[in-house]
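> sequence-free structure coming up:
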């Protein structure tokens with residue numbers, strides 16, 4: 001399999017790996033200074049740096065996973081981080097889901113303050129966001145793709161279906177809370193393993 005290349009521009013010091021790491025470290029100083037959150041957010045900085053340097057692609061156990069769905073890619077980066085530490089697949093999977101939940105918790109705009117922040121245009125779009133969120137046809141292909149990928153990683157079919165459904169439920173909830181636009185729901189296809 002072809003090695004996935006770092007997509008940052010080495011000639012532009014502002015966007016090399018170290019600069020991204022410094023950027024994300026700066027964004028989360030309060031969490032990094034909190035002893036209870038420090039370890040989690042040190043990992044979060046690594047995940048976000050990887051996300052910025054390797055856009056769309058994540059190599060997991062020798063397979064290239066490709067997605068346009070940003071929150072799914074973030075999960076993939078967490079999964080890769082834990083697998084690279086030598087954890088078993090299922091343990092890494094559940095730790096990645098937990099880490100994603102904890103680091104994305106409370107992000108985005110709440111219903112209560114969204115009118116003041118976003119204005120009239122936001123509320124005109126709200127019903128459409130809700131339709132996308134409730135439309136299972138958007139998410140069913142992702143569940144099927146993840147189920148197939150999990151079976152290929154040695155997970156039993158019943159367990160794979162359960163894990164895939166739990167993951168996509170979590171990701172769709174986070175996406176809806178962050179008001180992700182329709183383009184981020186697109187299910188693509190390509191030569192690598194596609195979990196879009």
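Done, it's in. Since we're looking at a predicted model, the values are computed, not measured.
> now stretch 69-76: average pLDDT?
Across stretch 69-76, pLDDT averages out at 91.
> any weak-confidence spans in the protein?
Across the chain, the ranges flagged by pLDDT under 70 are 1-14, 105-133, 178-196.
> helices along that one, start to end?
17-27, 29-32, 38-53, 70-83, 89-104, 111-118, 120-134, 136-152, 157-177 (DSSP state H).
> same for the longest one, what does it pack against?
Looking back up the chat, that one is helix 157-177. If you count contacts as 3 or more Cβ pairs under 8 Å, 6 or more residues apart in numbering; DSSP states H and E, helix 157-177 packs onto helix 70-83, helix 89-104, helix 120-134, helix 136-152. For glycine as for every other residue, the C-beta is placed from the backbone atoms N, C-alpha and C.
> tell me how far the ends of stretch 54-71 are from each other?
In terms of Cα to Cα, to the nearest Å, the two terminal residues of stretch 54-71 are separated by 14 Å.
> give the buried residues for it.
If you call a residue buried by 16 or more other Cβ atoms under 10 Å, then stretch 54-71 has these buried ones: 54, 56-60, 64-71.
> among those residues, which ones are in strands?
In this view, the buried residues of stretch 54-71 that belong to strands under DSSP state E are 57, 58, 59, 60, 64, 65, 66.
> farthest-apart pair in those, please.
Maximum pairwise distance in those, criterion Cβ to Cβ, is 11.2 Å, between 60 and 66.
> ok, of the buried residues of stretch 54-71, which one's closest to residue 36?
The closest of the buried residues of stretch 54-71, once distances to residue 36 are taken by Cβ to Cβ, is residue 71, at 24.3 Å.
> pretty sure the closest one is touching residue 173, no?
No - in this structure residue 71 lies outside contact range of residue 173 using Cβ atoms under 8 Å: 9.5 Å.
> number of residues surrounding residue 53?
Residue 53: 17 surrounding residues under other Cβ atoms under 10 Å.
> thought it was touching residue 21?
No - contact criterion Cβ under 8 Å: residue 53 and residue 21 do not qualify, at 9.4 Å.
> ends of stretch 16-35, how far apart?
First-to-last residue span, stretch 16-35, Cα to Cα: 28 Å.
> just the buried positions in that stretch, please.
16, 20, 21, 24, 25, 28, 31, 32.
> max pairwise distance over these: which two?
The two members of the buried residues of stretch 16-35 with the most space between them (Cβ to Cβ) are 16 and 31, at 23.6 Å.
> fine by me, we can end here.
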